[in-house]
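Student: Test case, fold it:
(one chain, ligands or ions: 1)
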Amino acid sequence: MLKGKHIILGITGSIAAYKSAVLCRLLVSAGAEVRVIMTPLAKQFITPLTMATLSQHPILVDFFNPENGEWNSHVKLGEWADLYLIAPATANTMAKMATGVADNLLLTTYLSARCAVAVAPAMDLDMYAHTATQRNMEALRQDGVHIIEPGSGFLASGLQGKGRMAEPADIVKAVEALFSEKKKSLEGRHYLVTAGATIEPIDPVRYISNHSSGKMGYAVAEELARRGARVTLVSGRTSLDCPKGVERVDVLSAEDMYKACCEIFPATDGAVMCAAVADYTPQVVAEQKLKKGDGDMSIALKRTHDIAATLGKDKGARLLVGFAMETENEQTNAEDKLRRKNFDFIVLNSLRVEGAGFRGDTNVVSLIDGEGREDLPLMTKGDVAIHIVDKMEKLIKL
Ligand code: PMT
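Tutor: Numbering: from 1, shown residues only. I've put the predicted structure just below:
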């Protein structure tokens, strides 16, 4: 469940910080990649050396390294994470989170985080029961923060009552439940995804195609399936394995893809059009291999169907997400496609940007809709897929 998950473990100044070592060990053993941020006070309760050893990464405390000026980017950290888990979370830190105070790296990262956030409070029973703390926790709940309830028992003060940070094993269970909740958020829905390159035969030997590997579309299909959706992946040529839980329909030409999509789309809740589809195909496919002559030759091409535009005409309440692969005038061209094809939003990637587009494992995209544009930094295609599906979910809820 936690394999490959990126988790930031935030540690604040509480005696319960000693349990963060076990928590970190359990998360790493479960396959998560863990980065630890500590508040300056947390260092008094557990050493950075312990946490760095267990997390296998240097600990982050300050905005920058005073020795060499290297900047600890809270924005990048917030984007990297699938979950920001603050354990233990003191009353002081929760109060600051509830009011947007950003006076240390742990808090600025909270304000920058786009991922789910969970806190495991730890404090004395009276502090926990105080109306101010309860009010702050309610504000955090309203902000979408998951509270991992503390337990009752002996407290550091010598008193007994509610306020002990939940045991590390229970926190891990709560984290797993959080991920599986997200995983199932699209249960009962059905999406069509197109991916890969189409192949337009010229003769039995030659064809017209493009550089799409299918990686971007497959990542979207995988993310939709992970969240519980039924996914039909109409796939052009690729060497990729079908993602787990996804139904794949293999096609070759733009015409094949058009027919498959027109048949599947009406029964779905929407489509993500990631395939790189040929806009032109040979007018005539030669039955035999074309023989070369002495001179040049030309092949007459005819237009293919614009699949996305066809689906867009009759989409009703279905969600339609498009891609735009551009080499110039990116914004204008993407906006034009957004309107013409009736997309709810379009994912723009440009061949002019390093790490973006065909074949690689990364992409750099902008999500554009009628309201504006969100630019995402370089990230894996898997992470781009998460952003795309997150945006789809927001639109579904509207
Ligand atoms: O597969 P990878 O190697 O991972 O690369 C990913 C990608 C670069 C292919 C992907 O990110 C991408 O940009 N896909 C769309 C490529 C493209 O054909 O863009 P376009 O601007 O030509 O088309 C605009 C939209 O209309 C796309 O959603 C496309 O799927 C759709 N279209 C285009 C032509 C056509 N005849 N029918 C269509 O449905």
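
Student: residues near the closest residue to Asp256 other than its chain neighbours, how many?
Tutor: Distances taken as Cβ to Cβ, 6 or more residues apart in numbering put Thr198 closest to Asp256, at 7.8 Å, once the chain neighbours are dropped. C-beta here means a position set from N, CA and C on the backbone, and glycine is covered the same way. Residues within reach of Thr198, counting by other Cβ atoms under 10 Å, total 28.

Student: same question for stretch 216-233, mean pLDDT?
Tutor: Across stretch 216-233, the average pLDDT comes to 95.

Student: And that stretch, how far out from the chain middle?
Tutor: Here stretch 216-233 is found 12 Å from its chain centre; the criterion is Cα atoms, centre = their mean, to the nearest Å.

Student: repeat for stretch 337-356
Tutor: 17 Å.

Student: Report the buried residues of it.
Tutor: For stretch 337-356, a neighbour-count test (16 or more other Cβ atoms under 10 Å) marks 337-338, 341-350, 353, 356 as buried.

Student: Which ones among the residues you listed also lie next to the ligand?
Tutor: Intersecting these with the contacts of the ligand gives 337, 341, 349 (criterion: Cβ under 6 Å from any ligand atom).

Student: one step back: identify those among the buried residues of stretch 337-356 that sit within helices.
Tutor: 337-338 (DSSP state H).

Student: Which pair of the buried residues of stretch 337-356 spans the longest distance?
Tutor: Asn342 and Val353 (26.4 Å; Cβ to Cβ).

Student: The stretch 101-250 of the chain: helices as residue ranges?
Tutor: 105-112, 125-129, 131-142, 168-183, 215-226 (DSSP state H, counting those that start in this stretch).

Student: Out of these, which gets nearest to the ligand?
Tutor: helix 215-226 (3.5 Å; Cβ to the nearest ligand atom).

Student: and the angle for that closest one with helix 168-183?
Tutor: Helix 215-226 and helix 168-183 meet at an angle of 110 degrees, taking axes from the mean of the first three to the mean of the last three Cα atoms, to 10 degrees as the criterion.

Student: same for helix 215-226, what does it pack against?
Tutor: Packing partners of helix 215-226 (3 or more Cβ pairs under 8 Å, 6 or more residues apart in numbering; DSSP states H and E): strand 190-195, strand 230-235, strand 246-250, strand 270-273, helix 381-397.

Student: Name the strands paired with the fourth one and say parallel or antiparallel.
Tutor: Within its sheet, strand 270-273 is paired with strand 190-195 (parallel), strand 319-326 (parallel), according to DSSP bridges.
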